[in-house]
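Asker: okay, sequence plus prediction incoming.
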Amino acid sequence: MLSHSQKVVRLYRKAIKSIRDYSEDYDMFLLNAGDLRASLKAGKNETNPFAIQQMVKQLEDFNSYWEHPDPYIPCDGINGTKWQRNTAPAKYAVDPTNHLLENGRE
Amino acid sequence: MIRNTFKLVSNIAVRPAFSSTFVRQPIVASSMMVRNYGSISEKEITDRVIGVVSQYDKVSGKTVTPTTTFKELGLDSLDSADILVAVEEEFGIEIPDEEADKITSCAETISYLRKTPTAK
């Protein structure tokens, strides 16, 4: 069972990496990462458990929406290119209509 | 005919013998030609980790040592997550979430990187 702090930090790490994967240059990354940090900081002093739960849900939705179909992976990490003989095509290339971005979610 | 044969023999006889100066020295492979499959030294890991931590905005102007904890630098858990993501990019690895939760100081970061053989 994860504590609240652990859960939020893990979601934050995942969100930061998603922003990095989508950012073509560092300035864009800094801009969006700053926005993410500001939105997390806005809920710092919240004490209502239902509001807190809703904020965590929003962060999870953000993560699921912005999960990159072809993220940066270290070549010798899990699913890295070092272990692949015939690299699998990206999820987006296989089934573009099934990606969240194509479903027009706001 | 006999004269030509004699010439060949005399040519062979006066051929100079090889001396030690003609012995070819073995080519010493420089370190740039050899790909390093070993692990990074602890000193290099320490220097690079301190460099990454020092470049963080909230750490500017403060002294970072190998034994500094993130709390001493005034960083909260989100700042630690930021620094660990930067360390991952610096060394070309991915730190699992279970390990990232335990890292709260430069020393723990350095010890984790020493245990990671794939760090570049």
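Answerer: Looks like it arrived, so ask away. Keep in mind the model is a prediction, meaning the values are calculated, not measured. Numbering: from 1, shown residues only, chains lettered A, B, ... in the order given.

Asker: in contact with the residue lying closest to residue B:120 once chain neighbours are set aside, which residues are there?
Answerer: Using C-beta to C-beta, 6 or more residues apart in numbering or on different chains and skipping residues adjacent in sequence, the residue nearest residue B:120 is residue B:92, 4.2 Å away. Every residue, glycine included, has its C-beta placed from N, CA and C. Shown in contact with residue B:92 (C-beta atoms under 8 Å, 6 or more residues apart in numbering or on different chains): A:74-75, B:118-120.

Asker: low-confidence ranges in the chain?
Answerer: Defaulting to chain A. A:85, A:87, A:92, A:98-106 (pLDDT under 70).

Asker: you looked at the wrong chain, it should be chain B
Answerer: Looking at chain B by pLDDT under 70, you get B:1-39.

Asker: residue ranges of the helices in it, please?
Answerer: Taking DSSP state H, the helices of chain B run over residues B:2-13, B:42-54, B:77-91, B:97-102, B:106-115.

Asker: residues from chain B in reach of chain A?
Answerer: B:77-78, B:80-82, B:84-85, B:89, B:92-94, B:97, B:100-101, B:118 (C-beta under 8 Å from any C-beta of the partner chain).

Asker: out of those, grab the one that's most surrounded.
Answerer: Greatest neighbour count in the residues of chain B next to chain A, by other C-beta atoms under 10 Å in any protein chain shown, goes to residue B:81: 24 neighbours.

Asker: pretty sure that one is touching residue A:15, no?
Answerer: No. Between residue B:81 and residue A:15 there is no contact under C-beta atoms under 8 Å: 9.8 Å.

Asker: quick one: residues contacting the most centrally placed residue in chain A.
Answerer: Residue closest to the average C-alpha location in chain A (C-alpha atoms, centre = their mean): residue A:15, at 3.3 Å. By C-beta under 8 Å, 6+ apart, the contact set of residue A:15 is A:36, A:59, A:62-63, A:66.

Asker: check residue B:66 too.
Answerer: Taking C-beta under 8 Å, 6+ apart as the test, what residue B:66 contacts is B:46, B:49-50, B:106-107, B:110.

Asker: domains for chain B, by residue range?
Answerer: B:1-39, B:41-120 (automatic domain parsing).

Asker: so which residues on chain A come close to chain B?
Answerer: So chain A meets chain B at A:5-6, A:8-10, A:12-13, A:16-17, A:20, A:33, A:37, A:40, A:73-78 (C-beta under 8 Å from any C-beta).

Asker: again, only this time at 6 Å
Answerer: The interface of chain A toward chain B, taken as C-beta under 6 Å from any C-beta of the partner chain, is made up of A:5-6, A:9-10, A:12-13, A:16, A:74, A:76-77.
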